[in-house]
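[1] what follows is a predicted structure for the sequence shown.
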Amino acid sequence: MAAMTWRPARCWCPSLLQVFRFQVAQVHLGRPTMRASQQDFENAMNQVKLLKKDPGNQVKLKLYALYKQATDGPCNMPKPGVFDLVNKAKWEAWNALGSLPKETARQNYVDLVSSLSPSSEASSQGKHEADEKVQGSKDIVVTSEDGITKIVLNRPTKKNAITFQMYQDIILALKNASTDSSAITAFTGTGDYYCSGNDLTNFTSASGGKEEAASRGAVVLREFVNSFIDFPKPLVAVVNGPAVGISVTLLGLFDAVYASDKATFHTPFSHLGQSPEACSSYTFPKIMGSAKATEMLLFGKKLTAREAWAQGLVTEVFPESTFENEVWTRLKAYAKLPPNSMRISKELIRKNEKEKLHAINAEECTTLQARWLSEECINALMNFMSRKAKL
Ligand SMILES: CCCCC/C=C/C(=O)SCCNC(=O)CCNC(=O)[C@H](O)C(C)(C)COP(=O)(O)OP(=O)(O)OC[C@H]1O[C@@H](n2cnc3c(N)ncnc32)[C@H](O)[C@@H]1OP(=O)(O)O
């Protein structure tokens with residue numbers, strides 16, 4: 001009988017589903033047929049292999065844990081080392097099930113797989129395609145009217161977390177906006193969040209080793225931030241809800257920041273074992289003083305919209321009920337002003353800092369590249385990924 005083996009991850013972030021499918025296939029072939037519910041269980045295992053859409057890391061960790069609990073009972077393996085990221089996340093997901101009976105784990109596994117089954121997947125896929133047809137949407141939607149180019153973070157199911165692709169989409173959107181007919185460019189988010197910052201699975205789902213992922217991240221980040229430093233037109237943030245991480249640090253490079261009173265501003269870099277980016281190590285002390293900047297960038301103090309306004313990070317706060325209407329009405333009026341005059345005035349304000357900002361961006365990216373490889377950061381990312389498996 002093929003034993004369920006505990007395979008060291010070949011590289012630090014293989015796709016959990018690939019590893020999971022390989023291991024299930026090995027064990028499945030070797031298992032003797034058992035009771036009817038076991039048959040449902042094995043059918044469910046086959047269904048997992050037929051999934052067209054990757055169900056996401058959280059679901060894969062849950063499937064893995066339930067599979068192990070149903071076949072081997074409570075977690076009986078030694079905890080993997082801190083750098084064995086994938087197996088550590090799997091071990092934690094399995095261990096979190098405690099003494100859940102095998103039969104219950106088996107039933108939960110079958111239930112979870114049936115919720116992912118092709119029929120329910122097809123209906124959600126159909127809905128998603130229908131959405132794409134209606135909105136023509138990707139994760140970044142760009143529209144241009146009334147003299148305003150609007151760049152919308154459109155990934156509400158993930159709190160508008162920014163994927164590597166979205167970074168590239170935004171770079172291109174800013175490049176196009178810098179030469180289009182609009183006078184002003186504005187950023188905002190779809191759904192209840194403005195943006196929850198960098199997608200924390202960017203590194204765990206990247207192909208290649210962790211060094212390669214960190215190096216790629218630093219290159220993407222540097223180009224991304226440079227596109228904000230060099231943007232020639234008035235750049236306005238319309239912060240419709242909570243903002244986290246890079247979506248907050250970038251605000252120091254915007255020309256105006258309008259926030260709903262339900263917005264919050266959080267930069268949990270120390271919690272994540274990371275360090276400041278988007279030139280915030282320079283712009284935040286300049287905007288709010290080093291002590292307030294330290295509270296945000298080192299201690300991760302989350303600010304309300306009013307606190308962010310008091311510290312100079314937010315230009316004006318609006319009641320949630322009138323926020324969208326007031327802000328867009330105002331920006332439409334501003335967009336009627338002579339565009340060349342606004343562009344030239346912005347250049348006068350920003351030109352003396354540009355070179356300095358580019359150098360600061362380069363240094364922050366180099367620092368972050370090292371931080372992403374640190375034990376503190378790796379642990380924090382794995383904790384984030386496996387946090388729901390513990391529920
Ligand atoms: C290469 C360039 C690097 C640039 C360097 C930038 C650094 C940063 O931006 S650091 C900051 C990174 N962001 C975070 O640490 C926030 C992480 N997210 C959270 O803490 C929470 O999700 C929340 C407080 C933002 C919202 O909590 P809650 O209301 O409980 O909602 P959920 O946690 O259930 O989130 C819903 C859904 O969205 C996924 N998600 C949210 N934020 C992120 C994220 N940053 N990365 C990846 N995924 C995120 C979350 O996992 C949930 O997904 P499902 O479980 O699949 O529903």
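    Ah, there it is. Residues are numbered from 1 along each chain as shown.
[2] per-residue confidence at whatever residue of the chain ends up closest to the ligand?
    In the chain, the residue found nearest to the ligand is G245; the distance is 2.2 Å by C-beta to the nearest ligand atom. Where C-beta positions appear, they are placed from N, C-alpha and C, glycine not excepted. pLDDT for G245: 98.
[3] next, count neighbours for it.
    G245 sits with 23 neighbouring residues when counted by other C-beta atoms under 10 Å.
[4] OK, contacts around the residue nearest to it when sequence neighbours are not counted?
    In space, and not counting its chain neighbours, G245 is closest to G197: 2.4 Å by C-beta to C-beta, 6 or more residues apart in numbering. Counting by C-beta atoms under 8 Å, 6 or more residues apart in numbering, G197 touches A161, I162, A243, V244, G245, I246, S247, V248.
[5] what sits against the last one?
    Think V248. Applying C-beta under 8 Å, 6+ apart, the residues near V248 are G197, F265, H266, T267, S280, M296, L313.
[6] residue contacts, the residue nearest to K302 when sequence neighbours are not counted?
    Once flanking residues are discounted, K302 sits nearest to H266: 4.1 Å by C-beta to C-beta, 6+ apart. Going by C-beta under 8 Å, 6+ apart, H266 touches P242, A243, V244, G245, V248, G300, K302, L303.
[7] run the last query once more with 10 Å
    196-197, 242-245, 247-248, 296, 300-303 (C-beta atoms under 10 Å, 6 or more residues apart in numbering).
[8] same deal with T304?
    A259, D261, K262, A263, T264, F265, A310, V314, V317.
[9] only alpha carbons, please: show stretch 353-369 as PDB.
    Presented in PDB, the C-alpha positions along stretch 353-369 are these (Å, rounded to 0.1, in the frame of the first residue of the first chain):
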ATOM      1  CA  GLU A 353      12.200  66.200  -4.700                       C
ATOM      2  CA  LYS A 354      12.000  63.900  -7.700                       C
ATOM      3  CA  GLU A 355      15.700  62.800  -7.700                       C
ATOM      4  CA  LYS A 356      15.700  62.300  -4.000                       C
ATOM      5  CA  LEU A 357      12.400  60.300  -4.100                       C
ATOM      6  CA  HIS A 358      13.900  58.000  -6.800                       C
ATOM      7  CA  ALA A 359      16.900  57.400  -4.600                       C
ATOM      8  CA  ILE A 360      14.800  56.700  -1.500                       C
ATOM      9  CA  ASN A 361      12.500  54.400  -3.500                       C
ATOM     10  CA  ALA A 362      15.600  52.400  -4.700                       C
ATOM     11  CA  GLU A 363      16.900  52.100  -1.100                       C
ATOM     12  CA  GLU A 364      13.500  51.100   0.300                       C
ATOM     13  CA  CYS A 365      13.200  48.400  -2.400                       C
ATOM     14  CA  THR A 366      16.600  46.900  -1.600                       C
ATOM     15  CA  THR A 367      15.800  46.900   2.000                       C
ATOM     16  CA  LEU A 368      12.400  45.200   1.400                       C
ATOM     17  CA  GLN A 369      14.000  42.600  -0.900                       C
END
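[10] okay then, goodbye and thanks.
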